[in-house]
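> Give me coordinates for this.
(2 chains)
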Protein chains: 2
Amino acid sequence: MNGAESLARTLVASGVDTCFTNPGTSEMHFVAALDRVPEIRCVLALFEGVVTGAADGYGRMAEKPAATLLHLAPGLGNGLANLHNASRARSPIVNVVGDHATYHKQYDAPLNADIEGVARPYSKWLRTSPSAKAVAADGAEAVAAAKKAPGQIATLILPADTAWNEGTGPAAPVAVPPPALPPADAIERAARILRSGKPAAVVLAGAALRRKGLELAGRIAAATGAQLLAPYSIGRIERGAGLVPVERIPYPVDQALERLKHLAHVILVGATPPVAFFAYPEKPSVVTPPGCEVSVLARPEEDLVGALDALAGALDARRAEPKLQPRETTALPAGAVSFAGIGGVVAALLPENGIVVDESITSGRALLAMTKATPPHDWLANPGGSIGMALPLAVGAATACPERKVLALEGDGSGMYTLQALWTMARENLKVTSVVFANRTYNILKGELANVGAGNPGRRALDMLEIGRPDLDWVSLARGMGVPAARAETLEDLARLVSAGLASGGPSLVELPL
Amino acid sequence: MNGAESLARTLVASGVDTCFTNPGTSEMHFVAALDRVPEIRCVLALFEGVVTGAADGYGRMAEKPAATLLHLAPGLGNGLANLHNASRARSPIVNVVGDHATYHKQYDAPLNADIEGVARPYSKWLRTSPSAKAVAADGAEAVAAAKKAPGQIATLILPADTAWNEGTGPAAPVAVPPPALPPADAIERAARILRSGKPAAVVLAGAALRRKGLELAGRIAAATGAQLLAPYSIGRIERGAGLVPVERIPYPVDQALERLKHLAHVILVGATPPVAFFAYPEKPSVVTPPGCEVSVLARPEEDLVGALDALAGALDARRAEPKLQPRETTALPAGAVSFAGIGGVVAALLPENGIVVDESITSGRALLAMTKATPPHDWLANPGGSIGMALPLAVGAATACPERKVLALEGDGSGMYTLQALWTMARENLKVTSVVFANRTYNILKGELANVGAGNPGRRALDMLEIGRPDLDWVSLARGMGVPAARAETLEDLARLVSAGLASGGPSLVELPL
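Numbers count the residues shown, from 1 in each chain, chains lettered A, B, ... in the order given. Predicted coordinates:
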């Protein structure tokens, strides 16, 4: 059994059964091994940003790593932007990157480059396998590294001869230690703060934003009066009727400052201290008020749910009744398109147990508030701010959860970075309904230009922010990749098309000009 | 004058007047400065791989750097694949990459990352500007670094506050020393070899593949019987009737070995020693025969044309009559589509002084031979092997040479990595006629799978090499980005559509199913 097949079987033995890929010559032995290892589902993408974004979406939903298969430094480079988001989502991913044969590197052939250098900024674990005999063991270690709480990116570089030479057969899985509880004094300090009665917020991230963590946080809030917040930039949250609601800290600095100004304490549960997304002249970087004490209940790599449970115990709050979000139904709005109307349509149609992937940016700011009382669902947001995430993420989420419906809410500017994801949706017949909000501008940047004090833009500056010359025709783009698509001119159109898309059992796209 | 405007004016003063960009918040002050610095032409792209590919095309044709303007590590990451090719083309490029404000970095906001780490593998010059007072001087140094012979990638990271704080005004250009002649003994050795009468080839690259270098090489060949070759992977060559023809070393290893097997000497002029593009089991990495001596007349950074002139002088060959390519006209072929037919159509229609950008991969292997006797033109190939080059490169070439017609020959698989380039062609009304060869497969990989000895692929492996499920509709994709497009079913269709496209004065696309 060659190295490639040994690696493929190792991945399977370690629980990795899905591989998103855009392969090249140096990966051909791995591709050939797929014929002999049917336990791996291999999903092809036409661009590597789709590969890594899909692996991120898969990791967030499956809570275990997918593999990627990428070609040399340029292939990995194309995947970096969505690895950025994945690293901020703390998604588990095993990148397998092919390289030239070990003995061929010295000749610096045209495709040769410093793959480790390209990988390092986003890889918490990084290794170039030295030989076919080492590949399987390296693969098992890569999977274990990816699974290490709360999840991280592991990159295994695979020189071509380590794939084609005789290997060892599959390696046994490497044990992954479960996340540890935070030290007792972290729990005691948080309990003391919350018992003090001073205004406090608990900022939740990671696993704390899932049903069990939310429930515990809700009990703590009920017992102590603490507020429950989430960072603006999160990877995944379970929300909707019957769950404990959590408010995201606003993106605009002034709104964030206003929202947090009364707080004496912030307690972090897997979150990092609240800071501005960008710096702006004359505005602070830290958005908690001066004098507000920021404490850590649990670091991201610790057992967040266990920490909340221990805190609830210390506060005698395990039986406190959490305030759950009640279900509220809304009528389908009609008429001309508006942000509130879009929110109303999404709220009315969001399916129970659905998955929303949200990269609607400025078009979607009303969405979270308007959808809070819908049937329970998962909401995947952009935790790293690298745009071009939603369509690939939807590919991965739909692959991880084939029985669930995915609604991808995408800006036209963001969507263009990784539109190739639509082709993979068509090829795999994924249950993804995409709505593209076509405002034909990098609208967020118009606000940012003012926020950074760059003055009133003239025509030449505005030209760099407007993408409506020529207009993009998303119906044409989607059909060009095999995805049925239509344009909505009214809220009725939007409701009809989204409804049909969700019912279709396959991919579809709705363009909504704004 | 703030740092951003100081930098923009410095770029202009140093001769950089074109900027390809996809900006974000951290670049807003640079964008705002464009209103006040009209000497810079700023070209927007919807994806950063288009930005860097365009800068590569611009650099190859203009022989001076364009700037890029990119947003943080993810924006640079998206640009790496085409920076790979640019580094192999030795194109001059000045990357300007925005970063968080210097004082904001410490908070590790969601978009924070190791930009220098991402930049390092492809940047020969790399600096993070420490303050607004330093930005202009850093910019002048970056341009000088990019211009250093034969051309290289310089990356200047621009923290947001260095853009918005008060700067120095423009910095004076930094002098760039001209490339030096190789040492006299390199010239004497080459002359001795060529006088020996042993079978020898001169392998030309870089500036040696332009008219003046070719003419000198042609005189040397005429005087000594040496063969003239070029590497398979080249950035730009001037060719056609009236020029000295040069043969590219074939891509397939067996063909390369066969082509070079008689040689006792290879003399490199800006080229690197001939090696296989990839390693294959049981095949050599070095494609010159055992015992063949590889000598360097001039290294890439030296004065290649000067070296050829000195060598011609040493050989008393300055008046030898070079063998020029005679003009041959061919009739327009007709009927069913074939590789030879495609070559015939391109040969018949290739305009004088046109620019061909070739990433047709397997579909285009007949093209070079069939177009050798056409009117003189520039041929831009893929020097680094990172696919997704041709459409962005055409954007840059057409921007650099607005009076010339560009013919982009693109594979469907390659084209999908950077199809967003079509939108920039439409927006800037660039004279680019794109032909997409739609064989609906990564056809090169089918050959490579066999070459690396990975056996007969089964259905699951083949699935990773075939992109025809669903078929891509390039007519739809192009129209979706504002580029007129049509499908050719016959060679007559192809000729009519290419002819109309070249005559149109703007962009167009022809899809050719194979």
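> and A:I361, how many residues sit next to it?
Per other CB atoms under 10 Å in any protein chain shown, the neighbour tally for A:I361 reads 23. Quick note: C-beta positions are derived from backbone N, CA and C, even for glycine.
> From B:S233, how far out is it?
Here A:I361 is placed at a distance of 40 Å from B:S233 (CB to CB, to the nearest Å).
> Same question for A:N85.
For A:N85 relative to B:S233 (CB to CB), the value is 33 Å.
> May I have the secondary structure class of the residue of the stretch 151-300 of chain A found nearest chain B?
For the stretch 151-300 of chain A, the nearest residue to chain B under the criterion CB to the nearest CB is A:A279, separated by 3.6 Å. What DSSP: H, G, I helix; E, B strand; the rest coil gives for A:A279 is coil.
> same question, A:V296
Applying three-state DSSP: A:V296 is strand.
> and A:L126, which of the three is it?
Reduced to three states by three-state DSSP, A:L126 is strand.
> and A:N353, what does it touch?
Contact analysis of A:N353 by CB atoms under 8 Å, 6 or more residues apart in numbering or on different chains lists A:375-377, A:404-405.
> can you tell me the helix or strand for it?
A:N353 belongs to no helix or strand when elements are defined using DSSP states H and E.
> Over to A:W423?
Assigned by DSSP H and E, A:W423 falls in helix A:421-428.
> Quick check: which ranges of chain A have low pLDDT?
Applying pLDDT under 70 to chain A flags no residue at all.
> One more pass at 90, please.
Low-confidence segments of chain A, defined by pLDDT under 90, are located at A:34-35, A:330, A:361-366, A:443-444, A:446-460.
> Can you spell out the domain ranges of it, please?
A:3-164, A:184-314, A:339-513 (automatic domain parsing).
> tell me what the strand or helix carrying A:V31 is packed against?
Here A:V31, judged by DSSP H and E, is contained in helix A:28-33. Packing partners of helix A:28-33 (3 or more CB pairs under 8 Å, 6 or more residues apart in numbering or on different chains; DSSP states H and E): helix A:3-13, helix A:160-164, helix B:443-451.
> again, 6 Å this time
Counting contacts by 3 or more CB pairs under 6 Å, 6 or more residues apart in numbering or on different chains; DSSP states H and E, helix A:28-33 packs against helix A:3-13, helix A:160-164.
> ok, and what's touching it?
A:4-5, A:8, A:23, A:163-164, B:448-449, B:452, B:454-455, B:461, B:464 (CB atoms under 6 Å, 6 or more residues apart in numbering or on different chains).
> and if you look at stretch A:425-444?
A:360-363, A:394, A:398, A:405-413, A:415, A:465-468, A:471, A:474, A:481-483, A:498, A:501-502, A:506-514, B:469-470.
> same check, this time on stretch A:359-367
For stretch A:359-367, using CB under 6 Å, 6+ apart, the contacting residues are A:339-340, A:343, A:358, A:382, A:389-390, A:409-411, A:414, A:437, A:443-444.
> please redo it, this time with the cut-off set to 8 Å
A:339-340, A:342-343, A:346, A:358, A:381-382, A:387, A:389-390, A:393, A:408-411, A:413-415, A:437, A:439, A:443-444, A:447, A:514.
> now do stretch A:499-509
A:349, A:351, A:354, A:405, A:407, A:422, A:425-426, A:429-436, A:474-475, A:478, A:483-486, A:497, A:510.
> Give me the buried subset of these.
A:349, A:351, A:354, A:405, A:407, A:422, A:425-426, A:430-436, A:474-475, A:478, A:483-486, A:497, A:510 (16 or more other CB atoms under 10 Å in any protein chain shown).
> Output the helices and strands packed on helix A:28-33 as CSV; include the columns mean neighbour count.
Listed next are these as CSV, based on neighbours: other CB atoms under 10 Å in any protein chain shown:
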stretch, mean neighbour count
helix A:3-13, 26
helix A:160-164, 27
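> would JSON lines of those helices with distance to chain B be doable?
Compiled in JSON lines, those are given as follows (distance: least, CB to the nearest CB, whole Å):
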{"stretch": "helix A:3-13", "distance to chain B": "8"}
{"stretch": "helix A:160-164", "distance to chain B": "6"}
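> Reformat those helices as a markdown table; add distance to A:D316.
Converted to a markdown table, the helices and strands packed on helix A:28-33 look like this (distance: least, CB to CB, whole Å):
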| stretch | distance to A:D316 |
| --- | --- |
| helix A:3-13 | 45 |
| helix A:160-164 | 57 |
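> With respect to B:R127, which of these lies nearest?
Closest of the helices and strands packed on helix A:28-33 to B:R127 is helix A:160-164, at 35.4 Å (criterion: CB to CB).
> just checking, what packs against the helix or strand that the closest one is followed by?
Once the chain leaves helix A:160-164, the next helix or strand it forms, by DSSP H and E, is helix A:184-195. The contact analysis (3+ CB pairs under 8 Å, 6+ apart) places helix A:184-195 against helix A:211-224, strand A:265-269, strand A:293-298, helix A:304-314.
> looking at those, which is buried most?
When you average the neighbours per residue for each of those (mean count of other CB atoms under 10 Å in any protein chain shown), strand A:265-269 leads with a mean of 25.
> Are that strand and chain B in contact anywhere?
No. Shown here: strand A:265-269 not in contact with chain B (CB under 8 Å from any CB of the partner chain), separated by at least 13.6 Å.
> tell me the angle that strand makes with helix A:211-224.
Relative orientation of strand A:265-269 and helix A:211-224, computed by axes from the mean of the first three to the mean of the last three CA atoms, to 10 degrees: 160 degrees.
> Assess the claim that A:L514 and A:A336 are in contact.
No. In this structure, A:L514 is not within contact of A:A336 by CB atoms under 8 Å, at 10.8 Å.
> out of those two, which sits in the more crowded spot?
More crowded of A:L514 and A:A336, by other CB under 10 Å: A:L514, with 16 against 9.
> give me every residue that touches the more buried one.
A:337, A:363, A:437-440.
> at 7 Å what do you get?
By CB atoms under 7 Å, 6 or more residues apart in numbering or on different chains, the residues touching A:L514 are A:337, A:363, A:437-439.
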